[in-house]
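Visitor: sequence and predicted structure below; questions after.
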Amino acid sequence: MSGKVRVRFAPSPTGYLHLGVAHTGLFNWLFARNQGGVFILRIEDTDTARSTEESMNAIKEGMRWIGMDWDEGPDVGGDYGPYFQMQRLDIYHKYSLQLIREGKAYRCYCTKEELEEKRREAIKRKHPPKYDGTCRNLTPEQIEANEAEGKPYVVRFKLPEEEREIAFDDIIVGKVTFDSKVLDDFVLLKSNGSPIYNFANVIDDYLMKITHVIRAEQHISNTPRQLLLYEALGFEPPLFAHIPHILGKDRSKLSKRHGATSITWYRDNGYLPEAMVNYLALLSWSPGNERELFSIDELIELFSLDKISKSPAIFDATKLEWMNRQYIKQMPIDKLALLAIPYLKEKFSLDYTADDPELREVLNLMRDRIKFIHELGDYGYFFFTDDFDFDNKAQPELKKEGVPSLLRKLKERFEALDSFDEESVERATRGLIAELGIKAGALIHPTRAAVTGTTIGPSLFELLAVVGKERTIARLERGTDFAEKLGG
């Protein structure tokens, strides 16, 4: 097969954008971008009972969040919309009529009840529950009578009578072989006129000139039916690459019991798109070394189908969190500030700008300690508000005997400082410790408790310098009052 690479991503709008589905889409997108090819979005919405506009929007939102843009489709207000299969019914009907005329398909008038009875009978006889071909060779008179009665029908593919081997070379899996005797006269069009997956995919992939079908390995079993259709229609089939499943830690298929599986859930809970793309790309694919962090441009440059593993990947939420943390640590401070600003406005009603020196100081101090932007409020709230409680670990520190006196003495030292930078604050604190002949923790721990309301956080002296002289002194006064109430 020659010419420009053309691939498609074909989700069904019956729910959110699942991690596994996004993984398949990402591999298609990376391959298209690596090859300078075309990436098409096609929506398989033939399940009208379950397809919803809400799900369609969730798919597009998830794709846009991780940067999976598509290259062509119907024009929608000067932009590309996806292809929708339910808008292409005339095309599928045209090709079904062609197959019927050529004797390669036929109308089947068997009712659901009749088919269910045939299925039960086959199982009873311990035979595979395949369609028995009742309508395969109806006479023109029988067909005419059925039509005159207005009997509903499906269109079935007429499986070639001679048994044969159906084989293809999968780019990832290798050679795959099926015996045609495991198949039956499968349905092409349902009685409501909508196409079955295998039929619509073959028609669409051919008309859209798809060169590579990159999809989940669960679709391997669909491939022999599709190859028979390509042959019957005289179409050249694309190349196939079936990606292994993503599994949970218990090695079962990834599902809600393993945690969140929606791409948009991760977006809404503080994960960065760069981290999600990086992590998904490394599930069943490797550039051939131990490196783990890649920009999107690097992933595009390095990606190739021959480096996809045959083995399933294990989804590890802890590893994804680690990767998110690395991206926050390495992110330019301007970009990190832009991410933090809307959160801090919502959480603390603070109106920062990206070049605010106070915000940048806090971010530089906290960025190595957080995995998500919202942890700025969880673990660094004391930078953004003076109205906080003393937690259950801080209170015992403030309750210790002599703490009010120690905090007052430290407050006096801080009031006398001309400069309130990290070095000056540390010198004043350690000087008082030496003069009083006490252990460092006897002063440092209650000071942290008084100024932050907790016992954990960044280095105390860095923290105090960022909080600033005026706010630190006010908090020492408040902490002293609280310590006295506790009986310290």
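Guide: Arrived safely, thanks for sending. Only a predicted model underlies this, so the values are computations on that prediction, with no experimental measurement involved.
Visitor: how about the strands in the chain?
Guide: Secondary structure of the chain (DSSP state E): strands at 6-9, 38-43, 75-76, 79-80, 83-84, 105-108, 154-157, 165-170, 174-179, 187-189, 212-216, 239-243, 246-247, 313-314.
Visitor: outside of the second one, which residues touch it?
Guide: Strand 38-43 has contacts (CB atoms under 8 Å, 6 or more residues apart in numbering) with 4-13, 28-29, 32-33, 56, 59, 63, 68-73, 82-85, 204, 208, 210. Quick note: C-beta positions are derived from backbone N, CA and C, even for glycine.
Visitor: any idea how far I370 is from L463?
Guide: According to CB to CB, to the nearest Å, I370 and L463 sit 15 Å apart.
Visitor: could you say which of the strands of the chain is packed most deeply?
Guide: strand 6-9 (a mean of 24; mean count of other CB atoms under 10 Å).
Visitor: for that strand, name the packing helices and strands.
Guide: Judged by 3 or more CB pairs under 8 Å, 6 or more residues apart in numbering; DSSP states H and E, strand 6-9 is in contact with helix 19-35, strand 38-43, strand 212-216.
Visitor: neighbouring strands for the last one, and are they parallel or not?
Guide: Next to strand 212-216 in the sheet, as set by DSSP bridges, lie strand 239-243 (parallel).
Visitor: could you list the low-pLDDT ranges of the stretch 1-150 of the chain?
Guide: 1-2, 76-78 (pLDDT under 70).
Visitor: what residue ranges in the stretch 201-350 of the chain score low on pLDDT?
Guide: 257-259.
Visitor: wait, G487 sits on L398?
Guide: No: the pair G487 and L398 does not pass the contact test of CB atoms under 8 Å, sitting 9.8 Å apart.
Visitor: give me the more crowded residue out of those two.
Guide: Counting neighbours by other CB atoms under 10 Å for G487 and for L398 shows that L398 has the greater number, 24 against 11.
Visitor: dump the residue contacts of the more buried one.
Guide: By CB under 8 Å, 6+ apart, the neighbours of L398 are 390, 446, 449-450, 479, 482-483, 486, 488.
Visitor: so what's the residue count around the residue nearest to it when sequence neighbours are not counted?
Guide: In this structure, L398 finds its nearest non-sequential neighbour in A483, 4.1 Å apart by CB to CB, 6 or more residues apart in numbering. For A483, the count of nearby residues is 26 (other CB under 10 Å).
Visitor: so who does A483 touch?
Guide: Counted by CB under 8 Å, 6+ apart, A483 has contacts 398-399, 403-404, 407, 446, 450.
Visitor: how about the contacts made by K175?
Guide: 167-169.
Visitor: which one of those residues is nearest G150?
Guide: Nearest to G150 among these, counting by CB to CB, is F168 at 40.9 Å.
Visitor: identify the bridge partners of the closest one.
Guide: Going by DSSP bridges, F168 forms beta bridges with V176.
Visitor: distance of it from P237?
Guide: When F168 is compared with P237 (using CB to CB), they lie 8 Å apart.
Visitor: find the residues that touch each one of those two.
Guide: By CB under 8 Å, 6+ apart, the residues touching both F168 and P237 are L227.
Visitor: and the helices and strands packed on strand 6-9: which comes nearest A394?
Guide: Per CB to CB, nearest to A394 of those: helix 19-35, 39.4 Å.
Visitor: how many neighbouring residues does P129 have?
Guide: P129, neighbours per other CB under 10 Å, totals 15.
Visitor: residues contacting it?
Guide: 118-119, 122-123.
Visitor: figure out which of the strands of the chain is closest to F303.
Guide: Among the strands of the chain, strand 212-216 sits nearest to F303 (CB to CB), with 11.2 Å.
Visitor: how far away from the center of its chain is that closest one?
Guide: Relative to its chain's centre, strand 212-216 lies at 18 Å (CA atoms, centre = their mean, to the nearest Å).
Visitor: returning to what we had before: what would the contacts of A483 look like in a markdown table with distance to S424 and pLDDT?
Guide: Formatted as a markdown table, the contacts of A483 follow (distance: CB to CB, whole Å; pLDDT from 0 to 100):
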| residue | distance to S424 | pLDDT |
| --- | --- | --- |
| L398 | 25 | 96 |
| K399 | 29 | 96 |
| V403 | 23 | 97 |
| P404 | 24 | 97 |
| L407 | 18 | 98 |
| P446 | 20 | 98 |
| A450 | 19 | 98 |
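Visitor: identify, from these, the entry nearest to F382.
Guide: A450 (10.6 Å).
Visitor: now S309: closest residue in space that isn't a chain neighbour?
Guide: Nearest residue to S309, sequence neighbours excluded (CB to CB, 6+ apart): S284, at 4.8 Å.
Visitor: wouldn't that neighbour be in contact with A313 here?
Guide: Yes: proximity of S284 to A313 meets the contact threshold set by CB under 8 Å, at 4.3 Å.
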